[in-house]
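Trainee: When you get a sec, could you give me coordinates for this:
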Amino acid sequence: MNEIGSSFSAFLRLRGDDFSRVFKEAVPFRVQGITLLARSNGLVYPRFGFVIGKKQVKKAYLRNRLKRVLRESFRHKRIELPAVDMVAVIYQRGLPIDKVAFAKRVDDIWKQLNAYYKPLAAD
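Mentor: The predicted model follows:
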């Protein structure tokens, strides 16, 4: 059973127009193979979506693995994240195949996001 606050509920997911707004007005954060686009959302919680194209990651089982790692990481870290809408865009170049190395990169990008938005929250 899920602990309270550890699910990836529908209200935490970005939908169609939300993606468009993030792509138009985003602050990019990059680690090798991942670009995270983020913008303030005016809510009190973060929302998350991702884009993993078939041209970038050709094998379906790899795309699904990356999605699972992204969702799991967001579920565990969302309490610590700022109230922003974010889209993770995945590129094949330089991506590690194993889950642990990919999860480390995702954690690195969460740290970049927090470092950027935490000083803004203090204002």
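Trainee: what sits against the spatially most central residue of the chain?
Mentor: Among the residues of the chain, the one closest to the centroid is Ala88, at 4.5 Å (Cα atoms, centre = their mean). The contact partners of Ala88, by Cβ atoms under 8 Å, 6 or more residues apart in numbering, come to Ile34, Thr35, Leu36, Leu37, Phe48, Gly49, Phe50, Val51, Leu70, Val106, Ile109. The C-beta positions use only the backbone N, C-alpha and C, and glycine is treated the same way.
Trainee: How confident was the prediction at the second one?
Mentor: pLDDT, the model's per-residue confidence, is 93 for Thr35.
Trainee: Can you classify it as helix, strand or coil?
Mentor: strand (DSSP: H, G, I helix; E, B strand; the rest coil).
Trainee: could you measure it against Asp17, distance?
Mentor: Separation of Thr35 from Asp17 (Cβ to Cβ, to the nearest Å): 20 Å.
Trainee: Looking only at neighbour counts, state which of the two leads.
Mentor: Thr35 (16 against 8; other Cβ atoms under 10 Å).
Trainee: if I look at the closest residue to the more buried one other than its chain neighbours, how far off is Lys54?
Mentor: Leaving aside its chain neighbours, Thr35 sits nearest to Val89 (4.6 Å; criterion: Cβ to Cβ, 6 or more residues apart in numbering). In this view, Val89 and Lys54 are 14 Å apart by Cβ to Cβ.
Trainee: More neighbours: these two, which one.
Mentor: Val89 (19 against 9).
Trainee: Partner strands of the host helix or strand of that one and their direction?
Mentor: If you go by DSSP states H and E, Val89 is part of strand 84-90. Within its sheet, strand 84-90 is paired with strand 34-40 (antiparallel), strand 47-51 (parallel), according to DSSP bridges.
Trainee: Off-centre distance for it?
Mentor: Offset of strand 84-90 from its chain centre (Cα atoms, centre = their mean, to the nearest Å): 5 Å.
Trainee: Tell me where the model's unsure across the chain.
Mentor: 1-8, 93-94, 96, 120-123 (pLDDT under 70).
Trainee: For it, just list every one of the helices.
Mentor: 16-24, 60-77, 99-122 (DSSP state H).
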